[in-house]
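>>> Below are the sequence and a predicted model; questions follow.
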Amino acid sequence: RLKEALIIPMKMFARAGLETEDRILELIEWSPASPVGRCGPAVNRDFETSIPGLYACGEAAPSDAVVTGLANAATSGAKAGKSAARFAKEAVFMDPDSGQIEELRQRTFGPLRKKEGIEPDQVILSIQEAVAPYDVLFIRHDKRMKKALEKIQEIKEHEAPLLFAYDPHYLRAVHEAKSLLITAEIQLRASIFRKDSRTGVREDYPYEDNMDWLKFIRVQREGEGMKIIAQDVPIDKYPVKVERTKEIAYLWKAGIDASVIT
């Protein structure tokens, strides 16, 4: 299964002598990562979000603004810092809304006041069981992702409201679990919406389609829910143009070339 789902890494492990005859010979530390599939608030060239005064850089920014690594984080951080400083210098002070402060205090510390409920570790495990299986995370299909999304919705409706915290450590874990639920839903909805194999390998759409899907996927808040939209990549502004072609995605092609899949 690993040779089907992780073709290139498995070839690297074999060359390094860590795998032979379908057996892993040594413990391998490995973390799945996709620099083009990360969620993050959309930003402009000054790394300003749509909320005035809120900036995102480094790993907090989306992958079309910053890829990954220390160099990108430092560069975007320096630019965002200057932008934020200019905003702070020109901003007019506003008295905070007392009602909003109380609502945020209740939302933040409410889990500490509960005497019983569900521990955050249980919710985090439920999220991982929904989204981490290889046939959801790596080799994708519309039906399987929709089933995973249904599971995330169940956790959101039935488990998340019962989260409670023994102490500040568990309180941090409660909010981490809630954030993971939001990002899991965003990733699944965006992945279902995109009909090609670009940020994920899809069985039902095995092509990298630059004719119809050379687009950024954006998620907007709509009431208490989410709205998924597509925005064309402004390729005419790029110094290097991308051809408008539709071809088998490179990860599928690697599997075909290795005679692992047909």
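Perfect, I can see it now.

>>> confidence score at E159?
pLDDT, E159: 96.

>>> How many residues are close by L188?
L188: 23 surrounding residues under other CB atoms under 10 Å. (Glycine included, C-beta is placed from N, CA and C.)

>>> What of I229?
I229 has 11 nearby residues by other CB under 10 Å.

>>> same deal with A173?
19.

>>> Now do the nearest residue in space to it that is not next to it in sequence against L137, distance only.
Nearest residue to A173 in three dimensions, chain neighbours excluded: P120, at 3.8 Å (CB to CB, 6 or more residues apart in numbering). P120 is 21 Å from L137, where distance means CB to CB, to the nearest Å.

>>> How about T183?
13 Å.

>>> With neighbour numbers in mind, choose between those two.
Between T183 and L137, counted using other CB under 10 Å, L137 has the larger neighbour count: 19 against 14.

>>> any idea how far V201 is from that one?
10 Å.

>>> cool, D135 as well?
Distance, D135 to V201, by CB to CB: 10 Å.

>>> Likewise for A132?
For A132, the distance to V201 (CB to CB) stands at 15 Å.

>>> Could you check which of the two is surrounded by more residues?
More crowded of A132 and V201, by other CB under 10 Å: V201, with 21 against 13.

>>> So what pairs up with the more buried one in the strands?
Beta-bridge partners of V201, counted by DSSP bridges, are I139.

>>> H141 is in contact with that one, correct?
No. Under the criterion of CB atoms under 8 Å, V201 makes no contact with H141, lying 10.0 Å away.

>>> What are the buried residues along the helix or strand bottoming out on mean pLDDT in the chain?
The helix or strand of the chain with the poorest confidence is helix 2-5; it has a mean of 79 (mean pLDDT, DSSP states H and E). Buried residues in helix 2-5, defined by neighbour count with 16 or more other CB atoms under 10 Å: 3, 5.

>>> looking only at pLDDT, what's the mean for the helix or strand just after it?
Scanning forward in sequence from helix 2-5 by DSSP states H and E, the next helix or strand is helix 7-15. Mean pLDDT, helix 7-15: 86.
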